[in-house]
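K.L.:
pasting the sequence and the predicted model now:
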Amino acid sequence: MKTSAEEYRRCHYLPEWYPVCEAWTPETIVAERSADFVSLVSGKNWPAYFVKDYVKSLTTQRGSVAQTPEGIAEVVSLIAQYRGSVEGGICIRKFEELRPETEERYFVLNRKAFSRDGNVPALVAEVAERVSSPFFSVDTVLDASGQLRLIELGDGQVSDRKKWTPAQFAAMLQNQP
């Protein structure tokens, strides 16, 4: 294995990577599953609430967005129902209008960021320098105004290649000392 258990958690669990990346990602509240979600978001005035556990969001047709604070508990219940459990705890993220067609995955290997096309945004290069893990993925997307946003990190050993071809992925691995 390339990473230790600690490094795995650092990139796989949102509360582990959020403190070093919060400038580029939606504001997030971390809570226990049994928390009073309505109280936690009181005064936030967010347009909606994106709800996930430490690792995954709800990928059913219903999705992970709660339109009201009261709806957060429903999403949490559905995560537990469809996934069988809640991993870690709950992350409530400020909903942002994103352009899903612009989502892109990058990989970081030994603190060097790689892209499918050779173009690594400054945000991704900065994340590569700040996050202490030998191999991880970085997912970005443009928001409605065209600003690049960090969506999530993932441990590279369990991250899907997404749009990367096997040849592109192998070339990235070969470029390392």
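P.N.:
Now that the structure is in, tell me what you want to look at. Numbering: from 1, shown residues only.
K.L.:
burial count for the residue lying closest to residue 156 once chain neighbours are set aside?
P.N.:
By the measure of CB to CB, 6 or more residues apart in numbering, the closest residue to residue 156 outside its immediate chain neighbours is residue 135, 3.7 Å from it. Any C-beta I mention is one placed from the backbone N, CA and C, and that applies to glycine too. For residue 135, the neighbour count with other CB atoms under 10 Å is 20.
K.L.:
so how far is residue 146 from residue 135?
P.N.:
The gap separating residue 135 from residue 146 is 30 Å, by CB to CB, to the nearest Å.
K.L.:
what sits against the residue positioned nearest the centre of the chain?
P.N.:
Centroid-nearest residue in the chain: residue 152, 1.8 Å away (criterion: CA atoms, centre = their mean). Residues in contact with residue 152 (CB atoms under 8 Å, 6 or more residues apart in numbering) are 14, 25, 139.
K.L.:
same check, this time on residue 124
P.N.:
106, 108, 113, 115, 138, 140.
K.L.:
what of residue 52?
P.N.:
14, 58, 64, 79, 90-91, 93.
K.L.:
show me where the protein has helices.
P.N.:
5-12, 14-21, 37-40, 72-83, 122-130, 166-174 (DSSP state H).
K.L.:
so what are the domain limits for the chain?
P.N.:
5-24+97-174, 28-94 (automatic domain parsing).
K.L.:
tell me what angle the lengthiest strand in the chain forms with helix 5-12.
P.N.:
Taking DSSP state E as the criterion, the chain has its longest strand at strand 98-109. Here strand 98-109 runs at an angle of 160 degrees relative to helix 5-12 (axes from the mean of the first three to the mean of the last three CA atoms, to 10 degrees).
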